[in-house]
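Peer 1: Sequence and predicted structure are below.
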Amino acid sequence: MDPTRRYPSVWYLEQAARRRVPRFCWEYLTGGAGRGGAVQRNRTMLDAVRFVPRLLDDAADRPKLSVDLMGRRYDAPFGIAPIGLGGLVWPHAAEYLAASARRQNIPFIMSSYATVAMERIAEIAPEHAWFQLYAFNRPEMDAAIVARAERAGFEVLVVTVDLPTATRRPHDARNGLAVPPGMDLENLAQMVVRPRWAVAMLRAGVPRFHTLLPHVPAGMSMADLGTHLASLHEGHMTLEHLKALRDAWPRKLVVKGLYHAADVADCRALGADAVVMSNHGGRHVEGAPSAIEMLEAARAEVGSMALIADGGIRSGLDVARFAARGADFVLCGRAFMFGVAAMGERGGDRVAEILKGELHQAMAHAGAPALADLTGALHTEGD
Ligand SMILES: Cc1cc2nc3c(=O)[nH]c(=O)nc-3n(C[C@H](O)[C@H](O)[C@H](O)COP(=O)(O)O)c2cc1C
């Protein structure tokens, strides 16, 4: 069946993806901290944002989706969020998504924990790939990785600051999640019932953390590697540390994972080009607010930086909701992974097409020729 007909929305891709990946990967992708309260909250807060259609005004212009962001023009106000271990959910996910980003003229952010070399991603999408760094408590490791990203040609460095300590997601702990995946009986049984995933994984070879492996002792066991990497992130990202990264990186710098308006002001003061308000898809702090709740306060502090946000986006309407609340740009994580897990190589393109179409429709109904006009049609529960 033609994919446009088979997958008319992200929801259909999600259902197909669930049937194609082993349960331990599915739980890794979709799960959150604790019992998933923040994952649910991201949806609840988005669903509460409503638009009152405006039909008889003069907004006859066709909605314009393209936006300028940090000196580049993109075809839509959304990009692909960094997803660590993407290659475990579906082999070559990062490569496929980078290629989709280039074709769709949207950014793709490669995670520090991607299972592909950064040079390969820079080659696939030289103008659309950004690199995401989880800073380390070893300055020499940061310096080496940042220098490598600069050599590879990335234009944008995204520093994710929301990992002051290793995250414990109960389902991942129970599943013994590891890279490469552990071969205990329980995991093997889950792989056997997902033959397309198993064959694709066998063809792709063992997934590895290509950015980080040069920095860990050779021959370390999987269990020790996890503990070792977690210990290298332990500790808060300080302003001093962030300033050092700003000084080391001569191109565009984005700080990801902020909640508080005071942190936004600090980023502006040290010369960041953009911030990402994000609760990390609800994966770190179960009691955390959603980004959409924090946008108004952030907007007041953002100055000339771009205000980016993410969390829970599954449709173009959701993109419109974030824009109406003040975001200049948004990121989508799981939605794009559902696309790749369902369709493989072209799944990212299908997600981008769906989001673009739905956003266009939401803007047309709201009588908004440009994103900035969406605020006029906004109605939130309780208003
Ligand atoms: C499986 C998974 C892995 C992630 N890995 C990273 C990562 O390596 N670096 C990072 O900055 N954010 C990471 N995130 C957070 C996403 O970049 C993004 O903030 C979040 O997924 C947005 O929510 P959404 O998935 O509901 O769109 C990850 C999210 C998921 C779901």
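Peer 2: Looks like it came in fine.

Peer 1: who's in contact with Tyr113?
Peer 2: Listed by CB atoms under 8 Å, 6 or more residues apart in numbering, the contact partners of Tyr113 are Gly84, Leu85, Tyr134, Phe209, Thr211, Leu212. Backbone N, C-alpha and C define where each C-beta goes, glycine included.

Peer 1: isn't the fourth one right up against Val116?
Peer 2: Read that as Phe209. No: Phe209 is beyond contact range of Val116, at 9.6 Å (criterion: CB atoms under 8 Å).

Peer 1: got the residues of the stretch 201-350 of the chain near the ligand?
Peer 2: 256, 278, 280-281, 283, 310-313, 331-335 (CB under 6 Å from any ligand atom).

Peer 1: Show me those that map onto helices.
Peer 2: Arg334, Ala335 (DSSP state H).

Peer 1: The residues of the stretch 201-350 of the chain next to the ligand in strands, which ones?
Peer 2: Lys256, Asp310, Leu331, Cys332 (DSSP state E).

Peer 1: Output the residues you listed in JSON lines, with neighbour count and pLDDT appended to each entry.
Peer 2: Output for these, formatted as JSON lines (neighbours: other CB atoms under 10 Å; pLDDT from 0 to 100):
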{"residue": "Lys256", "neighbour count": "24", "pLDDT": "98"}
{"residue": "Asp310", "neighbour count": "27", "pLDDT": "98"}
{"residue": "Leu331", "neighbour count": "27", "pLDDT": "98"}
{"residue": "Cys332", "neighbour count": "27", "pLDDT": "98"}
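
Peer 1: And those residues, which two are furthest apart?
Peer 2: The most widely separated members of those, counting by CB to CB, are Lys256 and Cys332 (13.8 Å).

Peer 1: State which one residue of the chain is found closest to the ligand.
Peer 2: Gly333 (2.4 Å; CB to the nearest ligand atom).

Peer 1: Relative to Gly367, how far out is the residue lying farthest from the centre of the chain?
Peer 2: No residue in the chain sits farther from the centre than Leu56, which is 37.4 Å out by CA atoms, centre = their mean. Distance of Leu56 to Gly367, computed by CB to CB, to the nearest Å: 9 Å.

Peer 1: about what we covered before: take the contacts of Tyr113 and lay them out in CSV including pLDDT, secondary structure and neighbour count.
Peer 2: Listed next are the contacts of Tyr113 as CSV, based on pLDDT from 0 to 100; DSSP: H, G, I helix; E, B strand; the rest coil; neighbours: other CB atoms under 10 Å:
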residue, pLDDT, secondary structure, neighbour count
Gly84, 94, coil, 18
Leu85, 91, coil, 21
Tyr134, 93, strand, 25
Phe209, 85, coil, 21
Thr211, 88, coil, 23
Leu212, 85, coil, 19
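
Peer 1: neighbouring contacts of the regular element (helix or strand) spanning Ala38?
Peer 2: Here Ala38, judged by DSSP states H and E, is contained in helix 37-47. Here helix 37-47 makes contact (CB under 8 Å, 6+ apart) with 30-32, 279, 281-293, 311-313, 318, 321-322.

Peer 1: Would you map the strands across the stretch 151-300 of the chain?
Peer 2: With strands called from DSSP state E, counting those that start in this stretch, the stretch 151-300 of the chain shows them at 156-160, 252-258, 274-277.

Peer 1: Pick the most buried one from those.
Peer 2: strand 274-277 (a mean of 28; mean count of other CB atoms under 10 Å).

Peer 1: low-confidence ranges in the stretch 201-350 of the chain?
Peer 2: Within the stretch 201-350 of the chain, the stretches with pLDDT under 70 are 221-223.

Peer 1: Number of residues surrounding Arg54?
Peer 2: For Arg54, the count of nearby residues is 14 (other CB atoms under 10 Å).

Peer 1: quick one on the thing from earlier: among the contacts of helix 37-47, which ones are buried?
Peer 2: 30-32, 279, 281-286, 288-293, 311-313, 318, 321-322 (16 or more other CB atoms under 10 Å).

Peer 1: Not counting sequence-adjacent ones, nearest residue to Arg169?
Peer 2: In space, Arg169 comes closest to Gly31 once its chain neighbours are excluded; the distance is 5.5 Å by CB to CB, 6 or more residues apart in numbering.

Peer 1: Contacts for stretch 50-70 next, please.
Peer 2: 73-77, 107, 156, 252, 254, 273-274, 306, 320, 324, 328-329, 356, 359-360, 362-371, 373-374, 376-381.

Peer 1: Filter those residues down to just the ones in strands.
Peer 2: Arg73, Tyr74, Val156, Lys252, Val254, Ala274, Ala306, Phe329, Leu378, His379, Thr380.

Peer 1: quick revisit: how about the strands of the stretch 151-300 of the chain in JSON lines, adding distance to Val52?
Peer 2: Output for the strands of the stretch 151-300 of the chain, formatted as JSON lines (distance: least, CB to CB, whole Å):
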{"stretch": "strand 156-160", "distance to Val52": "35"}
{"stretch": "strand 252-258", "distance to Val52": "31"}
{"stretch": "strand 274-277", "distance to Val52": "25"}
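
Peer 1: Asp142: which of those is closest?
Peer 2: strand 156-160 (9.3 Å).

Peer 1: Show me what that closest one is packed against.
Peer 2: strand 129-134, helix 239-248, strand 252-258 (3 or more CB pairs under 8 Å, 6 or more residues apart in numbering; DSSP states H and E).

Peer 1: Pull the shortest one out as CSV, backbone CA atoms only.
Peer 2: What that stands for is strand 129-134. Extracted in CSV, the C-alpha atoms of strand 129-134 (Å, rounded to 0.1, in the frame of the first residue of the first chain):
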residue,chain,number,x,y,z
ALA,A,129,23.4,18.0,11.0
TRP,A,130,24.0,19.5,14.4
PHE,A,131,26.1,17.7,17.1
GLN,A,132,24.8,17.2,20.6
LEU,A,133,27.2,16.9,23.5
TYR,A,134,26.6,15.6,27.0
